[in-house]
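Asker: Need coordinates for the below:
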Amino acid sequence: MNISQLIKDGLWTENPGLVKLLGLCPLLAVSNTLINGLSLGLATMLTLLVSNTLVSTFRASISPAIRIPLYVLLIASTVSIIELLMQAWLPNLFVTLGIFLPLIVTNCLILGRAEAFAVRQPIRFAIADALAMGLGFMAVLVLLGAARELIGQGSILADSHFLFGENARNWSLQVFNAKNGLLIAILPPGAFIILGLMLAGKNLIDHSLAQKNEMFLTEPEIARSNNTTVS
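Answerer: Here you go, the predicted structure:
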């Protein structure tokens, strides 16, 4: 096992949003804008990082009989702290994310990585796994949010000041009039459709890469076969 492989798995090979399809409820519900997707992605990645680090640190002391309740306690405590900080410093964003912020506690991705990986690995690998899986999940949220926002209301980075402060109020770019947007894109059905297109795109890329690798591997064999025939 190496860190580069963990990064590749989290971002692409085992991406939690596009391969494992974990956390679909907040993934589809909150990602109606880029900023919302980025915010939830950051909160999820931070929770995953704290959870993996603590579970890996104390893995030798965790009794198998209480490990699941302990994971939930760690995750819930982390999410509660993030909620309180967001409520204090980012109140508009806190209201926008609503119930989906505390629902991070029930995200299968976080509990799954603690049970399947962090409890069995050293801290450095647990941290790398948390960052990779968190970034992979956040990337899907951001891409999905950007696509839905652009198609649905013709803008990019709307409400940036919710996350980055008043200096970011002018970051929003209106590509076309919101009246000309496709409303379904910012509704739940649009989230399913666009996520499905993203899944199809990833599968197409994987299939294309697999074909290229197969051709690359078979070319030397064909060359050796031709040489043998000539001889």
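
Asker: Which pLDDT does the model give Leu48?
Answerer: Per-residue confidence at Leu48 stands at 96 (pLDDT).

Asker: quick one: it from Thr218, how far?
Answerer: Separation of Leu48 from Thr218 (CB to CB, to the nearest Å): 40 Å. C-betas here are computed from N, CA, C, even on glycine.

Asker: Give me the more crowded residue out of those two.
Answerer: Neighbour tally, Leu48 and Thr218, criterion other CB atoms under 10 Å: the higher count belongs to Leu48, 30 against 10.

Asker: quick one: contacts for that one?
Answerer: Contacts for Leu48 (CB atoms under 8 Å, 6 or more residues apart in numbering) come out as Leu109, Ile110, Arg113, Ala130, Met133, Gly134.

Asker: Against which helices or strands is the longest helix anywhere in the chain packed?
Answerer: Assignment by DSSP state H gives helix 188-230 as the longest helix of the chain. Counting contacts by 3 or more CB pairs under 8 Å, 6 or more residues apart in numbering; DSSP states H and E, helix 188-230 packs against helix 24-30, helix 123-153.

Asker: so the helix or strand following the shortest one versus helix 123-153, what angle?
Answerer: Later in the chain than helix 24-30, the nearest helix or strand by DSSP states H and E is helix 34-57. Angle of helix 34-57 versus helix 123-153, following axes from the mean of the first three to the mean of the last three CA atoms, to 10 degrees, is 170 degrees.

Asker: Pull out the buried positions in helix 34-57.
Answerer: Neighbour counts over helix 34-57 (16 or more other CB atoms under 10 Å) mark 34-56 as buried.

Asker: Kindly tell me how buried the residue lying closest to Met133 once chain neighbours are set aside is, as a neighbour count.
Answerer: Closest residue to Met133 apart from its sequence neighbours, by CB to CB, 6 or more residues apart in numbering: Gly10 at 4.3 Å. Per other CB under 10 Å, the neighbour tally for Gly10 reads 23.

Asker: and what of the one 4 residues further on?
Answerer: Counted with other CB under 10 Å, the burial measure for Glu14 works out to 15 neighbours.

Asker: same thing with Val72?
Answerer: Per other CB under 10 Å, the neighbour tally for Val72 reads 16.

Asker: tell me which element it is part of?
Answerer: With DSSP H and E as criterion, Val72 is part of helix 67-89.

Asker: Give me the contact list for that helix.
Answerer: Helix 67-89 is touched from outside by 43, 46-47, 50-51, 54-55, 62, 93-94, 97, 101-102, 104-105, 110-111, 114-115, 119, with contacts defined as CB under 8 Å, 6+ apart.

Asker: quick one: buried residues of the helix or strand following that helix?
Answerer: Downstream of helix 67-89, the first helix or strand assigned by DSSP H and E is helix 91-97. For helix 91-97, burial by neighbour count (16+ other CB under 10 Å) applies to Leu93, Phe94, Thr96, Leu97.

Asker: Please tell me I have it right and the last one contacts Asn36.
Answerer: Yes - taking contact to mean CB atoms under 8 Å, the distance of 6.8 Å between Leu97 and Asn36 places them in contact.

Asker: what residue ranges in the chain score low on pLDDT?
Answerer: Within the chain, the stretches with pLDDT under 70 are 219-231.

Asker: Could you find the residue nearest the spatial middle of it?
Answerer: Using CA atoms, centre = their mean, the residue of the chain that lies closest to the mean C-alpha position is Phe137, 0.4 Å off.
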